[in-house]
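my questions are about this predicted structure, shown below with the sequence.
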Amino acid sequence: MEPYLQQFRIRVHEGLFLKDPDSTPLGRTIVQESIELIEELGFEGFTFKKLGTRIGSPESTIYRYFENKHKLLVYLISWYWAWQEYRMMFATANIEDASLKLHKALLSLTEAVQQDSDIQYINEEKLYQIVVAESSKAYFTKDVDADNKEGYFMGLKRLVRRVADMVRDVNPDYPYPSALITAVVEGAHQQRFFAQHLPSLSEAGKKAETLTDFFVQLVFRTITPQGEDFSRE
């Protein structure tokens, strides 16, 4: 394993919290239970008052960690992207072949998320459901430009940049690597959502690997003249 991966710690932009929730047991409980509650109620139905009741703590306690529920949502989504970057780097470590490395990265980005036993207080499967259903609410706001200037979305941008660089390694002449990978990342979420709720809009629900195969083929048939086939056997 590369030294970077051995020392890796999930980091989130400090501007998203007033007090680092990862620094105290209460903060970790706030994050843990907010994931449970948002996944259960949806972001619109989620409030700090309800979260306080769930964790048996005054609502004011939560405000010591997060300014508002929007910042909390962006924190959770930013944590998810940092975690995805970690998974992708681990999956592609020490792979020299450019096409194989990109293939492994795409698998990491588009496969269904499973629980990570290394991080006990985060339910990654439920967090993934939140990202699928709620992540657009972190970006599509009137404050998005100011939030972007503060660096709140660096996790997603860094992840896209890493995979876009892999696209360039396979085909340096392909002109739209960032747009392509952004379409894969967002499209994978949309297709998961459609498969669950609007199944006529997606084949992703028929077999677990269908969605991943679709995006792998989409990328390679777009960027390589020969359309390298990395479909599952």
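Received the coordinates, thanks.

if you rank every helix and strand of this structure by mean pLDDT, what lands last?
Every helix and strand in the chain was compared by mean pLDDT, DSSP states H and E; the lowest is helix 3-6, with a mean of 40.

packing partners of the helix or strand just after that one?
Where DSSP states H and E defines the elements, the next helix or strand beyond helix 3-6 is helix 25-41. In terms of contacts (3 or more CB pairs under 8 Å, 6 or more residues apart in numbering; DSSP states H and E), helix 25-41 is packed against helix 48-55, helix 69-92, helix 124-134. Glycine gets a C-beta too; all of them are placed from N, C-alpha and C.

averaged pLDDT, the first one. What do you get?
This points to helix 48-55. Across helix 48-55, the average pLDDT comes to 97.

give me the contact list for it.
26, 29-30, 33-34, 36-37, 41, 58-59, 61-63, 66, 69 (CB atoms under 8 Å, 6 or more residues apart in numbering).

and these, which of them are buried?
Neighbour counting by 16 or more other CB atoms under 10 Å classes 26, 29, 30, 33, 34, 37, 62, 66, 69 among the contacts of helix 48-55 as buried.

tell me which of these is nearest to residue 105?
Within the buried ones among the contacts of helix 48-55, the smallest distance to residue 105 is 29.2 Å, found for residue 34 (CB to CB).

ok, that closest one - contacts?
By CB under 8 Å, 6+ apart, the neighbours of residue 34 are 46, 51, 72, 76.

widest-spaced pair of the contacts of helix 48-55?
Among these, 26 and 41 lie farthest apart (CB to CB), at 21.2 Å.

picking up where we left off before, now distance to residue 167 too, for the helices and strands packed on helix 25-41, in TSV please.
Converted to TSV, these look like this (distance: least, CB to CB, whole Å):
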stretch	distance to residue 167
helix 48-55	40
helix 69-92	13
helix 124-134	22
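
so which of those helices is the most packed in?
helix 69-92 (a mean of 20; mean count of other CB atoms under 10 Å).

and the buried ones among the contacts of helix 48-55 as TSV, adding pLDDT?
Shown next, in TSV, are these (pLDDT from 0 to 100):
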residue	pLDDT
26	96
29	96
30	97
33	97
34	97
37	97
62	97
66	98
69	96
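
touching, residue 185 and residue 108? I think so.
No. Look at residue 185 against residue 108 with CB atoms under 8 Å: they stay out of range, at 11.1 Å.

so which of the helices and strands packed on helix 25-41 comes closest to residue 209?
helix 69-92 (15.9 Å).
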